[in-house]
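S.K.: after the sequence you'll find the predicted model.
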Amino acid sequence: VPTIITWNKGGQNVYLTGTFNNWSAKIPLNKSTNDFSTVLNLPIGTHRFKFIVDDVWKCSDDLPTASDIDGNLINYVEVTDDNKKDDLFIDNLDSINGYSESPPEEYTDVIPSYLTSTVPSYYSDNINVDYNEDEQPPLLPPHLEKVILNTHHKNEDPSKEDPMVLPVPNHVVLNHLYTLSIRDGVMALGTTTRYRKKVLYNNIQILLINCCSLIYLYYFFFKIKILVCYNLIL
C-alpha cells in the first residue's frame, strides 16, 4: 500500500529507516519547500521507524510514537487496506438505507388495551386520603412554645449556678417579642436577641427604641405597669 511519510522539523539531510527494511538501509527523503517526504510501498500491518536528521536519530512529534524493547522512542504507522474500508462503508450504507426503507405505518390516538391494563392504580382519579376536616392548625408554631425566659437552667453544681445565666436558645426563637398575661396589674415582656460581629451601638439603639415604643403603647392603652425582660446572647 503506498504510504507517505513526512518530516517537517528542519535539517539538511534526512533519511528514514525502520522495520520494513530491518533497519539495514537509509532511505533518503525528498526535500520540498517546508518539509521532507517520501512514498513507501508497505505491506498491511504496523511498521516502526525513525528519522536520521544530519546523522542524528530523531522522532517526529507529528506522528504516533511508541517505545521499543530498550525504552527508546520510535515512530510507527499502521497500514490498512483502503479497499476493505470502502467495502465496509458501502455495506454500512446499504444497511442504513435498508432500515430507512421501512413500510409506512398508520398513526392513531387510541391507546392499545395491552398498555392500559398495566397502568398502576395510583394514576386513577380516585383519591383516598384519611384526614380530619375538623382538625385546626396550631395557634403557635411548635418551636415558639419553649420560651427561654420561662425555663430554669439547672447546673450540675448548685453552688456554681447563676440565676442570670440562661441556656442557649434555638436560633428560630430569636427576635420574637413574648408577653405574659396581666397579673396584679403587671405585664411582662420578653425578647431574645443575638449580637456578635455587628455594630453594637446601632443595634442597642434600635432595640431600645422599639422596646420604649411598645412600653409607651401598652401603658397608654391599658394604664398598667409593665415589666420588660430583655435577654442578650453574647
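M.R.: Nice, I can see it.

S.K.: any stretches of this protein with poor pLDDT?
M.R.: Residues of the chain meeting the criterion pLDDT under 70: 82-104, 114-134, 146-169, 194-234.

S.K.: for it, which segments count as helices?
M.R.: Ranges of helices within the chain are 82-100, 113-116, 200-222, based on DSSP state H.

S.K.: can I see the domain layout of the protein?
M.R.: Listed domain ranges for the chain are 2-83, 142-233 (source: automatic domain parsing).

S.K.: in this structure Asp35 contacts Ile5, no?
M.R.: No - judged on CB atoms under 8 Å, Asp35 makes no contact with Ile5 at a distance of 10.5 Å. Using the backbone N, CA and C atoms, a C-beta is placed for each residue, glycine as well.

S.K.: what residues are bridge-paired with the nearest residue to Asp68 once chain neighbours are set aside?
M.R.: Once flanking residues are discounted, Asp68 sits nearest to Ile74: 5.6 Å by CB to CB, 6 or more residues apart in numbering. Beta-bridge pairing for Ile74 (DSSP bridges): Ala66.

S.K.: quick check: the gap between Ile74 and Asn41.
M.R.: Per CB to CB, to the nearest Å, Ile74 is found 21 Å from Asn41.

S.K.: again with Asp81
M.R.: Relative to Asn41, Asp81 is positioned 13 Å away (CB to CB).

S.K.: would you map the strands across the protein?
M.R.: Shown for the chain, the strands assigned by DSSP state E span residues 2-7, 14-18, 27-28, 30-31, 36-41, 45-53, 56-58, 65-67, 73-79, 177-179, 186-194, 225-233.

S.K.: for Ser24, give me its contacts.
M.R.: When contacts are counted by CB atoms under 8 Å, 6 or more residues apart in numbering, Ser24 touches Thr17.

S.K.: do the same with Leu144
M.R.: Residues in contact with Leu144 (CB under 8 Å, 6+ apart) are Val172, Val173, His176.

S.K.: what's the closest non-adjacent residue to the first one?
M.R.: Translated: Val172. His143 is the one closest to Val172 (CB to CB, 6+ apart), at 4.7 Å.

S.K.: and the one you found, how far is that from His176?
M.R.: From His143 across to His176, the span is 10 Å (CB to CB).

S.K.: kindly report the same for Lys26.
M.R.: 93 Å.

S.K.: which of the residues in stretch 42-60 are buried?
M.R.: For stretch 42-60, the neighbour count (16 or more other CB atoms under 10 Å) marks Leu42, His47, Arg48, Phe49, Lys50, Phe51, Ile52, Val53, Lys58, Cys59, Ser60 as buried.

S.K.: apart from its neighbours in sequence, what residue is nearest the second one?
M.R.: Which is His47. Using CB to CB, 6+ apart and skipping the chain neighbours, the partner closest in space to His47 is Phe20 (4.9 Å).

S.K.: cool, and the fourth one?
M.R.: Here the nearest residue to Phe49 in space, its sequence neighbours aside, is Gly18; by CB to CB, 6+ apart that works out to 2.7 Å.
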